[in-house]
Structures are given as C-alpha cells and as structure tokens.
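> Show me how the following folds:
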Amino acid sequence: MDLDLRKLRYFVAVAELRHFGRAAEQLHITQPVLSRQIMAIEKELDCTLLVRTTRRVELTPAGEQLLEEARGILGAVAAAVRRVHDADRGTRRLAVAFSPGLHVSDAIRAFTARHPDVGIDVVPARWWEPDAPLRDGRCQVGYLRRPFDDAGLRTVPIGREPRVACMPAAHPLARRAELTSADLDGERMLDTPTRRTSSLEEKLELIASGHGIALVPLSVARAYSRPDLAHRPVTDAPGIETCLVARADRRERLLRDFLEIATATLRPG
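I've put the predicted structure just below:
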C-alpha cells in the first residue's frame, strides 16, 4: 500500500489540533472533505486512528503511532525537496540536529567563519528519539545526548553532564540542597518507559502540576527554568554522555569539517 502524503498532512493537522473544524480551516478545505480523507486513510490502514467526540478528537494508540511516523515522513520529504532545490541552485547546506538543552551555536559560528557560503539549518531532536533526524535524512549531523540506538551511526564523545531531579517548587524534597536516588524511592517518576509525552514542555507541565518527578539533564533544567519548578542534584545518579553523531555512511567533506570544528569547539577544555 502506498501512503498518500496529502492524506498524511490532513491527518497530522487533525491529530495536532484535535479538532476537525480548526484543522479544515488551517488546511483551507471544507470539513466534510477533511472527514472523508481521514476515513479513507483509516480504511486503507484498516484501523481506527481517531475517536471523535462532540467537543474534540482523541487519538487511538494506532493514531498516536501514525502521528509520530507521519511527522518523520513529512519532515524527511520536505528535507529531500529542499536538497533537490539546493542542488538545482548550486546551494550548499548542512542541517544540524540538537537535543533539548544542548547549545550548538558556538560550533555553527566557527563553522560558518570557515564556510560562509554554506547554509545552516537547525532541527530540534525529540527527547525520546534523538537520532530520528539523522535516520530519516532531515539532518547530516547531530549534537545529541544519549541514550539512542547507535547502530549505523558514527559517534564522537564530547562530554558528560549530570542529571537533576525536576519537581514542583512546593515539593518537600525541593527544600533540600541535594538528593540521592534513595530519596526518590516511592516518588512517582515520569520517564520514557512509563509515559512518553509529545514534547519536553508537556513533560514539564505534568511535573509542575504534581504528576511526578523526572530526572533530567542539568542543561535541560537550566534552559527551561520556571518559578513553579525546582531542580536538585542527585549525587549518585549516573551522568549522561553528549556526543556528535553522523550516519556512518556519510563521509562528505563539509560533514567532516563540521565534526572537526564542532569537536574542538564543544568538547570541554
């Protein structure tokens, strides 16, 4: 079966807005047309993707999975089209993925100083699947934080950063200067295996509203600082490795230059 990209875009609009009327308005089509297209893709896949209520739309497990897959597919297609246009115009471009909280700007500035004619795109990597932009072709290189599946990837270790416990500012543990893992026993922990949220912002909203505590990299806690959240060091929590990552089968000169420059720029002295 061939997936229709137009139908995928329609589905993503409904899935993200959780409303047929607003999605139809955004897509500049009528609501009946949009409903027929969603029904068609459900028929083609032979599964229910959306549960329609009087007020909003909810995703089934199959719908959640298709939304995740569709975002990657549509992003990869857009990147491929851009590369075709770049080739036609003789434009050179490098796309760099980055994990939340990690700053790659110093490396980009150093690279641009050596290659001022090369366009740079930056793509945020999802916290639960940071290597996806490399695997689907949206990016040639990433500044990422483990864990991820490194099969077929070339990695250059950059450093390690500590993890901190992120919790509501009013939580009793927030009164302590530092914690150990034992202090978190019995606490409801939000992590990838137990609850996958669609964004880091959603995860922080859940924490702030009292739905649990999460161990997050220190750079994430600092980048997303807010008054209703507190973060405390966990002295015996293992650190997280940061690294530059590229597909093992990509060896073009621009990529090698970026890896060399970024390694020297980002690795602690």
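> Surely Leu266 touches Ala107?
Yes - the criterion here is CB atoms under 8 Å, and Leu266 meets it with Ala107 at 5.5 Å. The C-beta positions use only the backbone N, C-alpha and C, and glycine is treated the same way.
> Between those two, which has more neighbouring residues?
Per other CB atoms under 10 Å, whichever of Leu266 and Ala107 has more neighbours is Ala107, with 23 against 20.
> Mind giving me the packing neighbours of the worst-scoring helix or strand of the chain on mean pLDDT?
Ranking every helix and strand in the chain by mean pLDDT, DSSP states H and E puts helix 61-89 at the bottom, with a mean of 81. Helix 61-89 is packed against helix 5-17, strand 92-98, with contacts defined by 3 or more CB pairs under 8 Å, 6 or more residues apart in numbering; DSSP states H and E.
> And it, what's buried?
63, 66-68, 70-73, 75-77, 79, 82 (16 or more other CB atoms under 10 Å).
> what angle separates that helix from helix 5-17?
Helix 61-89 and helix 5-17 are oriented at 120 degrees to each other (axes from the mean of the first three to the mean of the last three CA atoms, to 10 degrees).
> pLDDT below threshold where in the stretch 151-269 of the chain?
Residues of the stretch 151-269 of the chain that meet the criterion pLDDT under 70 lie in 191-198.
> what do you get if the cut-off is 80, keeping everything else the same?
191-199, 269 (pLDDT under 80).
> got the contact list for the residue nearest to Gly75 when sequence neighbours are not counted?
Closest residue in space to Gly75, ignoring its immediate chain neighbours: Arg138 at 5.1 Å, by CB to CB, 6 or more residues apart in numbering. Neighbour list for Arg138: 75-76, 78-79, 95, 97, 123 [criterion: CB atoms under 8 Å, 6 or more residues apart in numbering].
> one step back: which neighbours do Leu266 and Ala107 share?
What both Leu266 and Ala107 touch, as defined by CB under 8 Å, 6+ apart, is the set Tyr143.
> Next, Arg222: phi, psi?
Note on Arg222: its backbone torsions stand at phi -70, psi -40 [degrees, to the nearest 10].
> For it, grab the count of nearby residues.
12.
> distance of it from Phe98?
15 Å (CB to CB, to the nearest Å).
> For stretch 165-182, list every residue counted as buried.
For stretch 165-182, by 16+ other CB under 10 Å, it's 165-168, 171, 174, 179.
> swap that for stretch 217-232, sorry
Going by 16+ other CB under 10 Å, stretch 217-232 has these buried residues: 217-221, 224, 229-232.
> Throw these into JSON lines and include secondary structure, thanks.
Shown next, in JSON lines, are those (DSSP: H, G, I helix; E, B strand; the rest coil):
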{"residue": "Pro217", "secondary structure": "strand"}
{"residue": "Leu218", "secondary structure": "helix"}
{"residue": "Ser219", "secondary structure": "helix"}
{"residue": "Val220", "secondary structure": "helix"}
{"residue": "Ala221", "secondary structure": "helix"}
{"residue": "Tyr224", "secondary structure": "coil"}
{"residue": "Leu229", "secondary structure": "strand"}
{"residue": "Ala230", "secondary structure": "strand"}
{"residue": "His231", "secondary structure": "strand"}
{"residue": "Arg232", "secondary structure": "strand"}
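> okay if I get the residues you listed as JSON lines plus distance to Gly239?
Output for the buried residues of stretch 217-232, formatted as JSON lines (distance: CB to CB, whole Å):
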{"residue": "Pro217", "distance to Gly239": "9"}
{"residue": "Leu218", "distance to Gly239": "9"}
{"residue": "Ser219", "distance to Gly239": "12"}
{"residue": "Val220", "distance to Gly239": "13"}
{"residue": "Ala221", "distance to Gly239": "14"}
{"residue": "Tyr224", "distance to Gly239": "19"}
{"residue": "Leu229", "distance to Gly239": "21"}
{"residue": "Ala230", "distance to Gly239": "20"}
{"residue": "His231", "distance to Gly239": "15"}
{"residue": "Arg232", "distance to Gly239": "16"}
